[in-house]
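[1] next one to model:
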Amino acid sequence: MRSNQKIFTVLGMLIVFLVISLRYMWIDPNLYQLRDDGIITLSHAKNWVDYGFIGINPSGGKVEGTSAPLQFLIYSGVYLFTGMGYAAFGQIMTAICTLLMGLSIALLFKDRKHVSLAFSFLFATFLSFQSSFIEWHGSGMENSITHALFLLTVVGFASMLWNEKIDYRWLIVVFLASISRIDSIFHLFPVWVLFGLFWWFLQKNTKGFLLIAYAMVAWATLHFCRFLYFGDWLPNTAYAQDISISHRLMDLIHLKSSAIEQFKFLSKQIYFSHGGHWLLFLIFLPFVDWKKKYSPLIVFSSSMIITALIYPAFFGPSRLDYSRTNTHMAVFVFVLIVSILLCLKKDSMKLTYMTFGIVIGFFIYTKTQIDPYYLCCDINGFDKTHAQFKQIATQEGIQRPTVANPDLGIMSWYKDMNIVDLGMIGTPFLARTKNPKTISNFIFDHVAPDLIESHEIWSCLHYNTIFMDPRFKANYLVVKEDFIRHGDSCGGKALPTGIWIRRDILKNSNSRERKLHDALTQSIDLSKIEDELKLCKENRNCGYVIRSVYRVLPEIKINGQYDQLVKIFPEIKFF
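    As a prediction, the model looks like this:
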């Protein structure tokens, strides 16, 4: 009997996997595969394994420019033991998570063996035609992990309620789901509480809340470790995207019209992107028998859908795509529909209700269908920019150049450059500083990137802080340049796009920086650095010395010279 059940479980998993895989054959992979932001997370993991600290630059420093702790941890282990690249990892991760979703559906409906296979097919078909879901699921970002673990969490809670026994093995799934994203707890904590209440109501004890307490301790411990390592509770992504929960809520409480309109717009986008029109099945709630087995799934799924819809009120618009961080809603719309149908009071009317709901739902779907669309930021163009940077650096003989560029993922993946992230995710100073003059001084006087590349909206964002600063034309030469008008941004100004190189780092430059660069490239002799410091202190301009040392820090560390270097620069912490 148990062997028979395993067969149906495996078949259910394969049905979900095959249907979704078939759907991908009909979508242009250039629309969704290998998004640059997904590689940002993997780049952090690669940096940790290769250089011993979490960040994006081989020379340092620490930065949390990712919001996906679990994907970071998984890839860290995978890369450490296998050296697997980002493309293979993304495909394998999507495949495994798809199978886990199939496992979840098989476990939810295991008592109805043949029906469970039909549900597996319907589940996969339903998700396959939710364009935002299916594309982000296969994008290489953390969405697929979130989909699988959120659903498995609900499966675990339902299984424990049905078996009337707390199984602490599910605690692993519950905890891992809570760290699939930094903000996952927003969606999961209400479900945790609901499970505790269900358990207390049905079993008359607090064991359900005890399991949740253990999950909270594990979740809090991980975030406390993050705080100890990075010195901040929030990742740099929150600062870069200007996420302030308190400010957003205050704007809504004070009925600020712009905040209300934004919330309505974003919630509407999430609603229609993830099958919200199918929620018409909620009209059957008055006919639900809440004593039936699947009734807890109605509550858990409704909670997940509600938090997805109110998410913008707390976190604002998601970067890249308004619907991206709530794609799991589509999963729970399906679970909600099925659970309602299985819990209706009159079995004889279920077919009528189902037929009515499907006809009306399909009619609305044809009117609101979202065709597959281009997800922001594929790596192809960014990889070309990296190749151009590499070619220029080779021609000019620049070792490990520092480059300023707004596309962090693939640019930081190769670890052959240090990145000043004009997109701010990888550079905390730019994410947290609002004063334009301070930003300009940071770019031109402090980091002074060897190469700058910018395009479209980023040229608008940095128009005043970089391109209108007189130091830009004074210090940089054009490698290639063009001017565009990007919609209505920047008031219709002609925005510079292209690549620029700093004069002082050119091969034929006679600058002190270039001479020190060449000397350190030939041999890392710390006495040369000490001598240069004595000279530069007379002019009170030692920034170029620090920049030259920064580019060879990995070699200094490998050579065992770091402690000696710290004595030369006692006031500077490089790592």
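[2] contacts for the helix or strand hosting residue 549, please.
    For residue 549, the host element (DSSP states H and E) is helix 543-551. By C-beta atoms under 8 Å, 6 or more residues apart in numbering, the residues outside helix 543-551 that reach it are 59-60, 399-402, 418, 445-448, 504, 511-513, 516-517, 520, 529, 532-533, 536, 556, 565, 569, 572, 574. Where C-beta positions appear, they are placed from N, C-alpha and C, glycine not excepted.
[3] after the lowest-mean-pLDDT helix or strand in the chain comes which helix or strand?
    Least confident helix or strand, the chain: helix 350-368 with a mean of 60, by mean pLDDT, DSSP states H and E. Using DSSP H and E, the helix or strand that directly follows helix 350-368 along the chain is helix 379-396.
[4] okay, that next one in CSV with CA atoms only?
    Extracted in CSV, the C-alpha atoms of helix 379-396 (Å, rounded to 0.1, in the frame of the first residue of the first chain):
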residue,chain,number,x,y,z
ILE,A,379,23.0,39.4,-18.9
ASN,A,380,23.7,39.6,-22.6
GLY,A,381,24.2,43.3,-22.9
PHE,A,382,26.0,43.5,-19.6
ASP,A,383,28.4,40.7,-20.5
LYS,A,384,29.4,42.7,-23.6
THR,A,385,30.1,45.7,-21.4
HIS,A,386,32.3,43.5,-19.2
ALA,A,387,34.2,42.3,-22.3
GLN,A,388,34.7,45.9,-23.4
PHE,A,389,36.0,46.8,-19.9
LYS,A,390,38.4,43.8,-20.1
GLN,A,391,39.6,44.8,-23.5
ILE,A,392,40.3,48.4,-22.5
ALA,A,393,42.1,47.3,-19.3
THR,A,394,44.3,44.9,-21.3
GLN,A,395,45.2,47.5,-23.9
GLU,A,396,46.1,50.0,-21.1
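[5] give me the distance from the next helix or strand after that helix to the chain's centre.
    Next helix or strand after helix 379-396 toward the C-terminus (DSSP H and E): strand 402-405. With C-alpha atoms, centre = their mean, to the nearest Å as the basis, strand 402-405 stands 22 Å off its chain's centre.
[6] buried set for stretch 449-461?
    Buried residues in stretch 449-461, counted by 16 or more other C-beta atoms under 10 Å: 449-455, 458-461.
[7] swap in stretch 193-208?
    Applying 16+ other C-beta under 10 Å to stretch 193-208 flags 194-196, 198-199, 208 as buried.
[8] which of these fall within helices?
    Counted as lying in helices by DSSP state H, out of the buried residues of stretch 193-208, are 194-196, 198-199, 208.
[9] find the nearest non-adjacent residue to residue 507, please.
    Nearest non-adjacent residue to residue 507, counting by C-beta to C-beta, 6 or more residues apart in numbering: residue 396, 4.7 Å away.
[10] what's the pLDDT at residue 314?
    Looking at residue 314, its pLDDT is 89.
[11] low-confidence regions, the chain specifically.
    1-3, 347-369, 487-489, 538-540, 570-575 (pLDDT under 70).
[12] would you map the strands across it?
    Ranges of strands within the chain are 402-405, 418-421, 451-454, 476-484, 495-502, based on DSSP state E.
[13] which two of the buried residues of stretch 449-461 have the greatest separation?
    450 and 460 (23.5 Å; C-beta to C-beta).
[14] close enough to count as contact, residue 302 and residue 337?
    No. Look at residue 302 against residue 337 with C-beta atoms under 8 Å: they stay out of range, at 11.4 Å.
[15] more neighbours: the two, which one.
    Between residue 302 and residue 337, counting by other C-beta atoms under 10 Å, residue 337 is the more crowded of the two (25 against 21).
[16] how close does the more buried one get to residue 97?
    22 Å (C-beta to C-beta, to the nearest Å).
[17] which of the contacts of helix 543-551 count as buried?
    Burial by neighbour count, 16+ other C-beta under 10 Å: within those this picks out 59-60, 400-402, 418, 447-448, 504, 512-513, 516-517, 520, 529, 532, 536, 556, 565, 574.
[18] coming back round to it: mind listing what's buried along the helix holding residue 549?
    544-551.
[19] which one of the residues you listed is nearest residue 181?
    Taking the buried residues of helix 543-551 together and measuring to residue 181 by C-beta to C-beta, the closest member is residue 550, at 32.1 Å.
[20] what sits against residue 446?
    Counted by C-beta under 8 Å, 6+ apart, residue 446 has contacts residue 543.
[21] what's the spacing between it and residue 402?
    Relative to residue 402, residue 446 is positioned 11 Å away (C-beta to C-beta).
[22] also residue 457?
    Per C-beta to C-beta, residue 457 is found 23 Å from residue 402.
[23] dump the helix holding residue 549 to PDB, keeping only the CA atoms.
    Extracted C-alpha coordinates of helix 543-551, given in PDB (Å, rounded to 0.1, in the frame of the first residue of the first chain):
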ATOM      1  CA  GLY A 543      44.000  59.000  -2.400                       C
ATOM      2  CA  TYR A 544      45.800  57.500  -5.300                       C
ATOM      3  CA  VAL A 545      48.100  55.500  -3.000                       C
ATOM      4  CA  ILE A 546      45.100  54.000  -1.200                       C
ATOM      5  CA  ARG A 547      43.400  53.200  -4.600                       C
ATOM      6  CA  SER A 548      46.600  51.600  -5.900                       C
ATOM      7  CA  VAL A 549      46.900  49.400  -2.800                       C
ATOM      8  CA  TYR A 550      43.200  48.500  -3.000                       C
ATOM      9  CA  ARG A 551      43.500  47.000  -6.400                       C
END
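[24] how far is that helix from where the chain is centred?
    Here helix 543-551 is found 32 Å from its chain centre; the criterion is C-alpha atoms, centre = their mean.
[25] same deal with stretch 190-199?
    Counting by C-alpha atoms, centre = their mean, stretch 190-199 comes out at 28 Å from the chain centroid.
[26] again with stretch 91-106
    19 Å.
[27] residues of it that come out buried?
    Residues 93-94, 97-106 are the ones in stretch 91-106 that count as buried (16+ other C-beta under 10 Å).
[28] list the buried residues in stretch 475-482.
    By neighbour count on 16+ other C-beta under 10 Å, the buried set for stretch 475-482 is 475-476.
[29] export it as CSV, just CAs?
    C-alpha atoms of stretch 475-482 as CSV (Å, rounded to 0.1, in the frame of the first residue of the first chain):
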residue,chain,number,x,y,z
ASN,A,475,39.5,63.8,-15.4
TYR,A,476,38.0,61.5,-18.0
LEU,A,477,38.4,60.9,-21.7
VAL,A,478,35.8,59.4,-24.0
VAL,A,479,36.2,55.8,-25.1
LYS,A,480,32.8,55.8,-26.8
GLU,A,481,30.0,58.2,-26.2
ASP,A,482,26.5,58.9,-27.5
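[30] start at 350, not 1
    Got it, first residue is 350 now, which makes that one stretch 824-831.
[31] how about residues contacting that stretch?
    Counting by C-beta under 8 Å, 6+ apart, 741, 793, 797, 800-801, 845-853, 855 sit against stretch 824-831.
[32] quick one: which of those is nearest residue 694?
    Relative to residue 694, the closest of these is residue 846; by C-beta to C-beta it sits at 63.5 Å.
[33] among the buried ones among the contacts of helix 892-900, which lie within helices?
    Reading helices off those with DSSP H, I get 861-862, 865-866, 869, 878, 881, 885, 905, 914.
[34] can you put those residues in JSON lines and add distance to residue 389?
    As requested, these are exported to JSON lines (distance: C-beta to C-beta, whole Å):
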{"residue": "861", "distance to residue 389": "35"}
{"residue": "862", "distance to residue 389": "30"}
{"residue": "865", "distance to residue 389": "32"}
{"residue": "866", "distance to residue 389": "28"}
{"residue": "869", "distance to residue 389": "29"}
{"residue": "878", "distance to residue 389": "32"}
{"residue": "881", "distance to residue 389": "35"}
{"residue": "885", "distance to residue 389": "35"}
{"residue": "905", "distance to residue 389": "26"}
{"residue": "914", "distance to residue 389": "29"}
